[in-house]
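**Student:** sequence-free structure coming up:
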DNA sequence: GCAATGTGCAATTCAAAGGTTGCACATCGA
DNA sequence: TCGATGTGCAACCTTTGAATTGCACATTGC
C-alpha cells in the first residue's frame, strides 16, 4: 500500500459501471486485461486504464504471470470500505436522534448541552 | 423511494469531495443550501446541484420549512450501501479461497470440481 | 525463425460533470 | 410596505474522464 486512499477516491473508483463489470468478473477468478476485453464491449486499452484506477485504490491486485498479467478483485478492501461507511452512517443517525430528543423536550433544562446557561 | 438506485450510481454520488463535505456537515444537523454555501467555498447553486444528486440516491432528505428548505444526511442509506459492499467483498474472498484450495491439491481426484460426494 | 498473442505508451476525440453568473419570484421580519 | 434572505431555473464555461486508434516491444509456441 502506498497511501490509505481517501474515501471519496475509493468511492469514485466504484462509481463507474464499466469498472463494476470488471470487478464482478475478476471476483469470479483472476483474468488478464485481454481476456476481459474479449468478453466486454470496450477496448483492451480502456480496460487497462480502469484496472490502474482500481489498483491505485487497492480494489485490484495484479501479478505478472509469464507473458500476461492477471488481475484479481480484493474483497478485503471492499470490506474495509464497508466498515468505514457503516461507522459514518451510524454517527449520522446518532446525532439526528439526539437532535430530535432535544427538540421534543425543549423545556427540560437538564438535557441541555453542557447543562449550563448560555 | 422512487427507484432502488443502482450500486455504481450511489458510489458515484459519494465519489465527489465536495459532496462528502456537504454530507459531513449535514451529518451534524439539518441545514439549508444557503447556510452550506456560507461555510463552503462554492456557490449556493453548485451546492443545490450536489444536493439533488445526493437526494436522488437517497443519501439526503429535504424538507420545506417556511421560507427555506432544510436537508439532512440519511445514515440508514449509507448503512444499507455498506451491507451490500460487505456482502460482495465476502463473496470475492470466498471464491478466491476456493480457487487457491483447488490449486494447492491438483493431484487429488476426490476434490476435483465435479466431485459430488461432499 | 516467425506468426500470434499480450502489454505499454501516446495522441486524440467527445460527452459529461462541476462550477459560475444572472434573473425572477416567494417569504420573512421590522 | 419594503428590504433582506432563500430558492429555482437557465445559459454558459472549463476541465475531467471514458474510450478510441495507432504503434512499438516482449513473450510464447509451433
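**Tutor:** Thanks, I have the structure now. Because the structure is a prediction, the values reported are computed rather than measured.

**Student:** hey, let's count contacts and neighbours off CA atoms from now on
**Tutor:** Will do.

**Student:** Is stretch A:47-56 positioned near DNA strand D?
**Tutor:** Yes - judged by C-alpha under 7 Å from any atom of the strand, stretch A:47-56 comes into contact with DNA strand D at A:47, A:50.

**Student:** And that stretch, what's buried?
**Tutor:** For stretch A:47-56, burial by neighbour count (16 or more other C-alpha atoms under 10 Å in any protein chain shown) applies to A:47, A:48, A:50, A:51, A:53, A:54, A:55, A:56.

**Student:** and if you look at stretch A:79-96?
**Tutor:** Within stretch A:79-96, the residues that count as buried by 16+ other C-alpha under 10 Å are A:79, A:81, A:82, A:83, A:85, A:86, A:88, A:89, A:90, A:92, A:93, A:96.

**Student:** residues in contact with the fifth one?
**Tutor:** With contact taken as C-alpha atoms under 8 Å, 6 or more residues apart in numbering or on different chains, residue A:85 is in contact with B:78, B:79, B:81, B:82.

**Student:** check these against chain A, which are close?
**Tutor:** Here is what survives when the contacts of residue A:85 are matched to chain A using C-alpha under 8 Å from any C-alpha of the partner chain: B:78, B:79, B:81, B:82.

**Student:** The first one against residue B:54, yeah?
**Tutor:** It refers to residue B:78. No - counting by C-alpha atoms under 8 Å, residue B:78 stays clear of residue B:54, with 11.2 Å between them.

**Student:** Can you classify residue A:69 as helix, strand or coil?
**Tutor:** What DSSP: H, G, I helix; E, B strand; the rest coil gives for residue A:69 is strand.

**Student:** so it sits right up against residue A:30, yeah?
**Tutor:** No - applying C-alpha under 8 Å as the test, residue A:69 and residue A:30 come out as separate, 9.5 Å apart.

**Student:** got TSV for the ones next to chain A among the contacts of residue A:85, with secondary structure too?
**Tutor:** Below are the ones next to chain A among the contacts of residue A:85 laid out as TSV (three-state DSSP):
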residue	secondary structure
B:78	helix
B:79	helix
B:81	helix
B:82	helix
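
**Student:** Just name the closest of those residues to residue A:17, please.
**Tutor:** Nearest to residue A:17 out of those is residue B:81 (C-alpha to C-alpha; 16.0 Å).

**Student:** what's near enough to touch that closest one?
**Tutor:** Counting by C-alpha under 8 Å, 6+ apart, residue B:81 has contacts A:82, A:85, B:7.

**Student:** State the distance from it to DNA strand C.
**Tutor:** According to C-alpha to the nearest atom of the strand, to the nearest Å, residue B:81 stands 19 Å off from DNA strand C.

**Student:** and if you look at residue A:62?
**Tutor:** 9 Å.

**Student:** what residues are up against that residue?
**Tutor:** Counting by C-alpha under 8 Å, 6+ apart, residue A:62 touches A:55, A:69, A:70, A:71, A:72.

**Student:** Number of residues surrounding the closest residue to the third one other than its chain neighbours?
**Tutor:** Sequence neighbours aside, residue A:32 is the residue nearest to residue A:70 in space, at 4.4 Å (criterion: C-alpha to C-alpha, 6 or more residues apart in numbering or on different chains). When neighbours are counted by other C-alpha atoms under 10 Å in any protein chain shown, residue A:32 registers 20.

**Student:** Please apply the same query to residue A:60.
**Tutor:** 21.

**Student:** still on that earlier bit, output the contacts of residue A:85 as a markdown table; include the columns distance to residue A:102 and pLDDT.
**Tutor:** Shown next, in a markdown table, are the contacts of residue A:85 (distance: C-alpha to C-alpha, whole Å; pLDDT from 0 to 100):
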| residue | distance to residue A:102 | pLDDT |
| --- | --- | --- |
| B:78 | 24 | 96 |
| B:79 | 24 | 96 |
| B:81 | 29 | 97 |
| B:82 | 29 | 97 |
